[in-house]
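Student: prediction below, plus the sequence it came from.
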Amino acid sequence: MVIKPRLKGGLALTNHPIGAKEFVKRQIDYVKSQDKYEGPKKVLIIGSSSGYGLATRISLAFGAGAETIGVAFEKGVEGKRVGSAGWWNTIAFNEAAEKEGLVSKNFIGDAFSMEMKDDVIKFIKEEFGGKIDLLIYSLASAVRTDPIDGVTYRSALKSTTKDITGPTINFEKEVMEETTMGVATPDEIKSTVKVMGGEDWKLWIEALDKGGVLSEGFKTVAYSYLGPKVTYGIYKEGTIGAAKRDLEHTSDVLNDFLKEKYNGEAYVSLSKALMTKASAVIPIFPLYAALLYKVMKEKGIHEGTIEQKHRLLTQMVYGNNPVIDEERRLRPDNWEMREDVQAEVEALWDKVTPDNFKEISDYAGAREEFMQLNGFDFDNVDYDADVDLDELAKLKP
Ligand code: NAI
Ligand code: NA
């Protein structure tokens, strides 16, 4: 079978398993080109198969020699369906880790469930040396079933103030178009906090603590985003911002608890805007990202997923140069938020039109990044070659 890209707005309907291997390999190559660092030895990553969670896992394994457990929600081959990008990323990660003798274990299923927590804890106790040093919380999800009351909540990407209309990029049609984000009902705000807030992170820490699998000095970091003025309406002041504030509050609660019992730490880290499966579907965000890339690349300070996470880990979480704000948040988004960067992004934002967006933004770069998340647009992958789906179907993460 020959696999071609098919898009629907900001969603990729297909992905390329051989391209996924290249996607993972390039991130590994980056980490190997950098100095090794002293980091955690045993790590659990929730949301390990793509985006920031995957990059974190790659940095920790190939940069610090960590043994990793990954939890992700992904699908394998079903009939003529090729499976999800995160499925192939995970298989590619495993293959590369195994070659270097790095232990990696995967749990594919619902991180929000109690069963998943129990399974992971059992594995840590029986086959992973009994304890973990670090938990990274990098979930992006649209739905969560609360394991305590059994109610299923759906997140809504909406405003909490007023209807917000603004430009975005449609990668499928390759056009800049107006999009409107409606106002959330109180129920939708609550549901988004239920899905993307801190409740599940806290349930994980409580379960791991009860299971006796947290080491002395244990750390946990959850990923969040804040963003600049041009995205406040859709992000900071949107439903997702409400959820992220809940996550930040949870980090304080967890930090107090961990400090007391394990001499440990809990942080939220605010990351740089990037194209990932999750961010590509946020209205307005892709255009902001394309303009930001233009400015950051010109200034020589652009980072992709792997560079951003590698800097967070080597400089901040396990290094001596943490950038922490007055709300105790780690700020690897500090280059994105620089005044000169944002002033130039704002100037471009005022100038950008459907006719000039491909020239004045880094549209090509943002689109390439989006395509590569799904294994496409690598110059050294042959996309006309037949992919043997039956053979691939035998591989499991
Ligand atoms: P992503 O979509 O690439 O990754 C999400 C991960 O969550 C995947 O591994 C997926 O399998 C997993 N997942 C989703 N539902 C699950 C479930 N029920 N059970 C188990 N695993 C599940 O997203 P991305 O962008 O890497 O986002 C991760 C975190 O980083 C989010 O908290 C996001 O807000 C944050 N972030 C993203 C930024 C961006 O520009 N993309 C910027 C700053 C923060
Ligand atoms: Na992730």
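Tutor: Received it, and whenever you're ready, just let me know what you need. Given the structure is predicted, the values throughout are model-derived calculations rather than measurements. Residues are numbered from 1 along each chain as shown. Ligands and ions are numbered 1, 2, ... in the order given.

Student: report the contact partners of the residue of the stretch 1-150 of the chain found nearest ligand 1.
Tutor: For the stretch 1-150 of the chain and ligand 1, the shortest gap (CB to the nearest ligand atom) falls at Gly51, measuring 2.1 Å. Quick note: C-beta positions are derived from backbone N, CA and C, even for glycine. Contact analysis of Gly51 by CB atoms under 8 Å, 6 or more residues apart in numbering lists Ser138, Ala140, Leu274, Thr276, Lys277, Ala278, Thr305, Leu373.

Student: contacting ligand 1 as well, which ones from the residues you listed?
Tutor: Residues of the contacts of Gly51 in contact with ligand 1 (CB under 6 Å from any ligand atom): Ser138, Ala140, Leu274, Thr276, Lys277, Ala278.

Student: give the contact list for the last one.
Tutor: When contacts are counted by CB under 8 Å, 6+ apart, Ala278 touches Gly51, Ala140.

Student: is any residue of stretch 60-76 near ligand 2?
Tutor: No: Stretch 60-76 stays clear of ligand 2 (CB under 5 Å from the ion), getting no nearer than 8.1 Å.

Student: what are the buried residues along that stretch?
Tutor: Within stretch 60-76, the residues that count as buried by 16 or more other CB atoms under 10 Å are 60-74, 76.

Student: Leu274 contacts His302, correct?
Tutor: No: if you go by CB atoms under 8 Å, Leu274 and His302 don't touch, sitting 10.0 Å apart.

Student: who has more neighbours, those two?
Tutor: Leu274 (25 against 19; other CB atoms under 10 Å).

Student: chain neighbours aside, what residue packs nearest to the more buried one?
Tutor: Nearest non-adjacent residue to Leu274, counting by CB to CB, 6 or more residues apart in numbering: Thr305, 5.6 Å away.

Student: the one you found: how many residues sit nearby?
Tutor: 26.

Student: also Arg367?
Tutor: The burial count for Arg367: 18, using other CB under 10 Å.

Student: cool, and the one 3 residues further on?
Tutor: For Phe370, the tally of surrounding residues (other CB under 10 Å) stands at 26.

Student: what does Tyr37 give?
Tutor: Tyr37 - counted by other CB under 10 Å - has 17 other residues nearby.

Student: ok, now which ones touch the residue nearest the centre of the chain?
Tutor: Geometric centre of the chain, nearest residue: Tyr52, 3.3 Å, by CA atoms, centre = their mean. Shown in contact with Tyr52 (CB under 8 Å, 6+ apart): Ser138, Tyr223, Ser271, Leu274, Thr276, Thr305, Gln308, Lys309.

Student: just the closest of those to ligand 2, please.
Tutor: Ser138 (3.9 Å; CB to the ion).
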